[in-house]
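A.B. asks: heads up, no residue letters with this:
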Ligand SMILES: NCCCC(=O)O
């Protein structure tokens, strides 16, 4: 837009020595012209001078018509287009000052703050007051810098009260500011920021741009800004909207944004076909949506309120039409201004028409101040009145300043007065742009200053606010964390499984404890088995606390997992190690103490202590805490969704979690590797009743395979809590259940089978297998004894696997008349340490003392049975004699060392009916027996025999008073008959060799 020719404007002003009112109804008696420099931005970044100038002309017309105001004087506006440009403004003002043909008494304007800031200082220098109808810069409130400056438009920062009201009502506590890099807006931003902060509103982000707002827009979008206060001229406002549009084509972001644009924009600023911004009005409208604008009041809304001029402001506004006014005042408009009116007419209004009342009021303020000055001068006896005015007249300037300060009249925007800073503080209005041409801007609320201490009273009618989304927008995307809880049914399911497992463990524990003397149980180290079961129970308990993520459960869970492993697998490996040592560790005889239960407990304890130390260190150094981990955010359901749901899961975490986990994995890894080695080494040992190596091996394979898979799978599914929980719980349940099943079910089956068997007289209680004392430490007679004893050629064996000997014998056969004793006698073994060695060796069986007496030994496989009622079972078929005592003695392997190969623990010795009657009448003591067994002592002199594994086999004594059948578990048998000739050393050696194959 071309700048007007200032000279021409001046010329035009010169010509207009007489105000021509539009109706020319009352010829003016005013002759003296009061020249006022008029600074209007008719073009440039804010060409609001177009409307302001029309309002100025109207006000001048109205004032000049008034005889009571400035009598004899008429106002003359010498208008210049500043183009919103400082240099043009300065040029205009200096041209006026240096115009020798006239003296300007006051300056009106400018439109834009930068121009005003400079020209106001120059005006002051020249002794002129300057009144701006428009400038909003906070800087202009500084009365030290601008002592002669007054303005009608309220400084923009005063509007903060309206913004605050809006934010508070809407519950917005977080705003973003974007402003144009221009002094006026930078300064405004500083004040605005402070004011908002003071009111508890967080200015989350401030973006400044000079020309292209793109980068700022990207930042705002990135920060998901929702409430954005934009401070810039409207051209940049369009650029901002366009940039938002271009950077968010689908509008997912900008449609959620609430914009607060300045109110000084033209009402149709979004519809300008602005090639500089590159967007269509429609696109701009899409972005700005139903934005808010907080404005100073330009039209007083009080009912029955009339202006100084008798105007009803509302009517004035309604009738104020730029077009009509233009046509009415056309003759007063400088020629060079005409083009601007053609350019900026739109929809029958001129550009920025809604701000025009401010210029009207400004002219009235000037008139009132001059009138006051005139009165003042007249009252002080100055007959020259305002004609005395000249530049640099400090006295008059002061009078005029005081007069301006005292101006108080009914303006279009209610009662008019300046504050001490020369600012006008009118009411504040809050508008919403309805984004359709029909309704335009809707007034939502107002703020009014009340009280002496500058308090504001604001009201806002929220019902008038329209939201495109239908819901009030929020100031930020609310992050709602949704903790993914474990499905309650699934959790209950695992709890049931854990309970089932626990019950199973408890049942097995009861079985183990109750049958600890049973050969089957006894042979597989029941105490270690108890530890395994304890570990299993602890392991199952982990499932109960798997889903409870509290500080204590976080720590506890790691303890339960690791300790259950230490206990169960420590005990398993200890057992395997014993089997390994007994059966496969080579010919060197180890310290037998190492194979005792207590030693194995020590192994478990060491493992527990090592693991516990790591766990305690972990707990002290970086204790595990429940931590929320984001899985991801849910896609927003609609473009206006204001809540971002972040799915989270809870996990136990600590600073050095990974390090400690790897340390624990390493420890368990070493244990598993060692266990695997033992399992491989003992894989061929098939001795179901003595060891469970096969099953232990299976357990270890189980862990070796499932362990790493579990660790991997569980780590890989950490972000899927349901799957993770299911997998983790399943693995714990599976491994634990398999472990206890593999270890105990074969035992239970063997136990059942064993109880059904008719094996009798299994002897071997004092066998020392590789120094393993009392592996078989119990003796037992089963029911079969009766049958076997009474029948011809019967044989029997003592089952030594029980801690109590159950004697279920009955000799009431017709062939064995006279033998009477109890059935099912339970004979505890002599294990009490309080007993003397001899008493321990021989313990009286609880037979009727008068008739039956038996002894057994735990260290000497020595069973003596004596009855006085029959001569001998041998003679049961014969005639029974009550007078004869018969002593049956099964004395086998007394303190013998058998080869440490497997099966000898289960040797059977079958006593036939050919047991020779004992000649001794009295009950034998140990020594007696030794003596009696003299014929067999020769065997103890047998040379050292070596097994195929080069183990030393020594057989010290085998004392038998009857034919013997030795049967190994593998089925090898050796039989000796009473005839000592047949029980040769060779025979025994042969037997030993055979059982070692
Ligand atoms: N009426 C708004 C003027 C803008 C400015 O002070 O620059």
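C.D. replies: Cool, got the structure. The structure displayed is predicted, hence computed values, not measured ones.
A.B. asks: give me the low-pLDDT residue ranges for the stretch 751-900 of the chain?
C.D. replies: Within the stretch 751-900 of the chain, the stretches with pLDDT under 70 are 753-900.
A.B. asks: phi and psi next, for the residue in it that the ligand sits nearest to.
C.D. replies: Proximity of the stretch 751-900 of the chain to the ligand (CB to the nearest ligand atom) peaks at residue 751, 99.7 Å away. Backbone N, C-alpha and C define where each C-beta goes, glycine included. Per-residue torsions, residue 751: phi -60, psi -50 (degrees, to the nearest 10).
A.B. asks: tell me the residues of this protein that contact the ligand?
C.D. replies: Proximity of the chain to the ligand is confined to 46, 48, 112, 113, 134, 135, 136, 137, 153, 184, 264 under the rule CB under 6 Å from any ligand atom.
A.B. asks: swap in 5 Å and give it another go.
C.D. replies: Neighbours of the ligand within the chain, by CB under 5 Å from any ligand atom: 112, 113, 134, 135, 136, 264.
A.B. asks: surely the residue of the stretch 751-900 of the chain closest to the ligand meets residue 521?
C.D. replies: Yes. With contact defined as CB atoms under 8 Å, residue 751 counts as touching residue 521 (6.8 Å).
A.B. asks: which neighbours do the two share?
C.D. replies: With contacts defined as CB atoms under 8 Å, 6 or more residues apart in numbering, the residues shared by residue 751 and residue 521 are residue 515.
A.B. asks: who has more neighbours out of those two?
C.D. replies: Neighbour count, other CB atoms under 10 Å: between residue 751 and residue 521, residue 521 has more, with 25 against 18.
A.B. asks: which ones are touching the residue lying closest to the more buried one once chain neighbours are set aside?
C.D. replies: Spatial nearest neighbour of residue 521, excluding adjacent residues (CB to CB, 6 or more residues apart in numbering): residue 515 at 4.4 Å. Neighbouring residues of residue 515 by CB under 8 Å, 6+ apart: 521, 526, 751.
A.B. asks: before we move on, what about residue 185?
C.D. replies: 179, 231, 232.
A.B. asks: other residues contacting stretch 79-87?
C.D. replies: Applying CB under 8 Å, 6+ apart, the contact partners of stretch 79-87 are 1, 3-4, 6, 9, 13, 37-47, 49, 53, 56, 88-89, 92-93, 95-96, 109-112, 114-115, 118, 334, 336-337, 340.
A.B. asks: list buried residues within the residues of the chain next to the ligand.
C.D. replies: Buried residues within the residues of the chain next to the ligand, counting neighbours by 16 or more other CB atoms under 10 Å: 112, 113, 134, 135, 136, 264.
A.B. asks: contact partners for the fifth one?
C.D. replies: In other words, residue 136. With contact taken as CB under 8 Å, 6+ apart, residue 136 is in contact with 113, 153, 154, 155, 156, 184, 188, 264.
A.B. asks: so how do I select the buried members of the contacts of stretch 79-87 in ChimeraX?
C.D. replies: Only the buried entries of the contacts of stretch 79-87 go into this ChimeraX selection, using 16+ other CB under 10 Å:
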select :3,4,6,9,13,37,38,39,40,41,42,43,44,45,46,47,49,53,56,88,89,92,93,95,96,109,110,111,112,114,115,118,334,336,337,340
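A.B. asks: now, which of the contacts of stretch 79-87 lie within strands?
C.D. replies: Assignment to strands by DSSP state E places the following of the contacts of stretch 79-87 there: 37, 38, 39, 40.
A.B. asks: wait, the second one sits on residue 109?
C.D. replies: Yes. Applying CB under 8 Å as the test, residue 38 and residue 109 come out as touching, 6.1 Å apart.
A.B. asks: what residues sit buried inside stretch 525-545?
C.D. replies: Neighbour-count burial for stretch 525-545 flags 525-526, 528-544 (criterion: 16+ other CB under 10 Å).
A.B. asks: stretch 307-314 too?
C.D. replies: Quick answer for stretch 307-314 (16+ other CB under 10 Å): 307, 308, 309, 311, 312, 313.
A.B. asks: over to stretch 563-570?
C.D. replies: Using 16+ other CB under 10 Å as the test for burial, stretch 563-570 gives 563, 564, 565, 566, 567, 568, 569, 570.
A.B. asks: show me what contacts residue 116?
C.D. replies: Residue 116 makes contacts with 39, 89, 109, 110, 130, 132, 134, 135, 137, 140, 149, 151, as judged by CB under 8 Å, 6+ apart.
A.B. asks: and the residues you listed, which is closest to residue 615?
C.D. replies: When these are ranked by distance to residue 615 (CB to CB), residue 137 comes first, at 68.6 Å.
A.B. asks: give me the number of residues near that closest one?
C.D. replies: Counted with other CB under 10 Å, residues neighbouring residue 137 total 25.
A.B. asks: excluding chain neighbours, what is closest to it?
C.D. replies: Counting by CB to CB, 6+ apart, residue 137 lies nearest to residue 113, which is 3.5 Å off, once chain neighbours are set aside.
A.B. asks: relative to residue 492, how far out is that neighbour?
C.D. replies: 71 Å (CB to CB, to the nearest Å).
A.B. asks: and the residue of the stretch 51-200 of the chain nearest the ligand?
C.D. replies: Ranking the residues of the stretch 51-200 of the chain by distance to the ligand (CB to the nearest ligand atom) places residue 113 first, at 3.3 Å.
A.B. asks: list the residues that contact that residue.
C.D. replies: If you count contacts by CB under 8 Å, 6+ apart, residue 113 has them with 135, 136, 137, 139, 140, 183, 184.
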